[in-house]
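A.B. asks: Build me a model from this:
(one chain, ligands or ions: 1)
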Amino acid sequence: MKSIVVLISGNGSNLQAIIDACESGIIENAKVTAVLSNKADAFGLERAKQAGIDALHLAASDYSDRADFDQAMAKRIDEYQPDLVILAGFMRILSGEFVRHYQGRMINIHPSLLPKYTGLNTHQRAIDAGDSEHGTSVHFVTEELDGGPVILQAKVPIFAEDTAEEVMGRVQEQEHRIYPLVANWCLQQRAHMDGETAFFDGKPLPA
Ligand code: GAR
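C.D. replies: Model prediction:
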């Protein structure tokens with residue numbers, strides 16, 4: 001049985017999609033062994049507890065700096081010997097050392113069609129730019145923020161008069177569909193990294 005550790009900061013709807021996909025078999029032969037949040041009140045921690053999964057909280061304010069906090073996180077995470085670390089709405093920048101430690105076995109979901117709109121407030125920024133479509137990207141995590149090789153994207157339309165909340169709802173519906181698929185591909189090594197290059201079905205993905 002493969003081990004997945006999920007990092008969250010909030011609601012955890014993507015975490016729930018991953019948990020459900022392990023139960024339904026969309027993610028094969030794997031389980032979420034721990035959920036770690038940097039926010040004590042993250043609803044995702046309740047979701048973990050309800051599913052009988054270890055729910056861990058670490059507060060950055062208890063550590064002297066980012067490197068120190070990230071080392072503490074890695075120590076807790078590594079107790080679960082993860083085959084895959086999944087960032088699911090984890091809203092902290094990670095240190096280079098942490099990223100390198102998990103490179104090739106850590107993925108993130110970002111609510112935009114990368115390389116467009118890295119960073120925050122992506123839905124409102126897409127509306128303000130007059131875009132007619134928006135979406136979400138699942139990518140390997142590298143030291144470049146929101147910059148690692150993209151494995152899969154899903155697009156949604158933006159309609160006139162849409163609010164950011166409406167667009168976010170549409171995007172999240174797609175996230176819950178594609179994130180489990182990509183997690184499974186990574187666990188099956190259909191998507192993998194070798195050094196700095198990512199591959200899908202043996203073919204290099206664009207950097
Ligand atoms: C998701 O939409 C995810 O794409 C976004 O946070 C949301 C978390 O929702 N992630 C980022 O913005 C990372 N830069 P959830 O807690 O309900 O899964």
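
A.B. asks: Can you give me the buried ones in stretch 115-124?
C.D. replies: Y117, T122, H123 (16 or more other C-beta atoms under 10 Å). Just so you know, the C-beta spots here come from the backbone N, C-alpha and C atoms, and that holds for glycine as well.

A.B. asks: And the pLDDT at the second one?
C.D. replies: With respect to pLDDT, T122 has a value of 98.

A.B. asks: Can you tell me how far it is from G52?
C.D. replies: Distance, T122 to G52, by C-beta to C-beta, to the nearest Å: 33 Å.

A.B. asks: picking up where we left off before, let's see which of the buried residues of stretch 115-124 end up in helices.
C.D. replies: Secondary structure from DSSP state H places T122, H123 of these in helices.

A.B. asks: of all the buried residues of stretch 115-124, which comes closest to the ligand?
C.D. replies: Nearest to the ligand, judged by C-beta to the nearest ligand atom, of these is T122 at 6.9 Å.

A.B. asks: I'd say that closest one and P111 touch.
C.D. replies: Yes: contact status for T122 versus P111: in contact at 4.9 Å, counting by C-beta atoms under 8 Å.

A.B. asks: interface residues of the chain facing the ligand?
C.D. replies: Residues of the chain found near the ligand (C-beta under 6 Å from any ligand atom) are 8, 10-14, 44, 88-89, 109-111, 136, 172, 175.
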